[in-house]
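Enquirer: what shape does this take:
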Amino acid sequence: MAKLIPIGDNVIVRPLEGETTTASGIVIPDTVSKEKPMKGEIIACGPGRMKDGQMYECPVKEGDTIVFTKYAPTEIKVEGEELYILGFDSILAVEQA
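Expert: A predicted model of the protein is given here:
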């Protein structure tokens, strides 16, 4: 895969698909579940951003699973794989194991 290095306060995310079966076993058809995922795995982080003379580093790291705002990501394709680029401000939460 081509090496992408995010600039500034951006991260590159591999989207994670949501469940297609509910906890009670009900299968959700593709027509319902075609909404853009809002969860993904960080595959690269930018160095951070300068604000008011202070450097703010990336609050996440490679391998973290994050939840992000629905309309934030810029979609790109790299060697056939769909990836997202989004800024730190669009990250809502980090999933802990």
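Enquirer: can you list the strands that the helix or strand bottoming out on mean pLDDT in the chain pairs with?
Expert: Least confident helix or strand, the chain: strand 49-51 with a mean of 88, by mean pLDDT, DSSP states H and E. Its sheet considered, strand 49-51 pairs with strand 54-56 (antiparallel) by DSSP bridges.
Enquirer: pairing partners for whatever helix or strand comes next after the strand it pairs with, with directions?
Expert: Next in sequence after strand 54-56, counting helices and strands by DSSP states H and E, comes strand 65-68. Next to strand 65-68 in the sheet, as set by DSSP bridges, lie strand 39-45 (antiparallel), strand 91-95 (antiparallel).
Enquirer: related to what we said a few turns ago, give me the contacts around the least confident helix or strand of the chain.
Expert: With C-beta atoms under 8 Å, 6 or more residues apart in numbering as the test, strand 49-51 has contacts from 8, 9, 55, 56, 88. All C-beta atoms are positioned from the backbone trio N, CA, C, and that covers glycine.
Enquirer: mind listing what's buried in it?
Expert: Within strand 49-51, the residues that count as buried by 16 or more other C-beta atoms under 10 Å are residue 49.
Enquirer: go on, stretch 47-67?
Expert: Counting neighbours by 16+ other C-beta under 10 Å, the buried set in stretch 47-67 is 49, 58, 64, 65, 66.
Enquirer: can you redo these as JSON lines with distance to residue 15?
Expert: Converted to JSON lines, the buried residues of stretch 47-67 look like this (distance: C-beta to C-beta, whole Å):
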{"residue": "49", "distance to residue 15": "24"}
{"residue": "58", "distance to residue 15": "19"}
{"residue": "64", "distance to residue 15": "14"}
{"residue": "65", "distance to residue 15": "11"}
{"residue": "66", "distance to residue 15": "11"}
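Enquirer: between these, which is closest to residue 13?
Expert: Nearest to residue 13, judged by C-beta to C-beta, of the buried residues of stretch 47-67 is residue 66 at 6.9 Å.
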